[in-house]
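Trainee: model the structure of this input:
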Amino acid sequence: MVPGSSPFEPDGLRAPIPDLTERDVYVCGPPAMTSAVLSALRRLKVPDRQVHAERFGPA
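Mentor: Model prediction:
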């Protein structure tokens with residue numbers, strides 16, 4: 001990860017997974033985290049068909 005960047009920003013996601021745009025990505029978590037990751041994936045141009053997301057919150 002780039003120093004000072006968020007793990008949910010494009011650079012933070014791509015650093016440990018350089019071929020991220022070629023993979024299926026599964027995102028599950030609280031709404032704010034899920035939204036941040038999905039936004040970063042869109043900015044990285046990961047195809048929608050490769051993104052699988054589920055949001056959860058308090059019951």
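Trainee: list the buried ones in the lengthiest helix in the chain?
Mentor: Criterion DSSP state H: the longest helix present in the chain is helix 31-43. For helix 31-43, the buried set under the neighbour-count rule, 16 or more other CB atoms under 10 Å, comprises 34, 36-38, 40-41. (Glycine included, C-beta is placed from N, CA and C.)
Trainee: what does it contact?
Mentor: With CB atoms under 8 Å, 6 or more residues apart in numbering as the test, helix 31-43 has contacts from 6, 8-10, 12-13, 20, 25, 27-29, 51, 53-55, 57.
Trainee: so of these, which ones are in helices?
Mentor: 10, 12-13.
Trainee: so, low pLDDT: which residues of the chain?
Mentor: Low-confidence segments of the chain (pLDDT under 70): 1-5.
Trainee: in it, which residue is most central in space?
Mentor: Centroid-nearest residue in the chain: residue 37, 3.1 Å away (criterion: CA atoms, centre = their mean).
Trainee: in a markdown table: the ones in helices among the contacts of helix 31-43, plus distance to residue 45.
Mentor: Listed next are the ones in helices among the contacts of helix 31-43 as a markdown table, based on distance: CB to CB, whole Å:
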| residue | distance to residue 45 |
| --- | --- |
| 10 | 10 |
| 12 | 16 |
| 13 | 12 |
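Trainee: give me the buried subset of those residues.
Mentor: Among these, the ones that count as buried by 16+ other CB under 10 Å are 10, 12-13.
Trainee: residue 46 against residue 24, yeah?
Mentor: No: using CB atoms under 8 Å, residue 46 is not in contact with residue 24; the gap is 9.2 Å.
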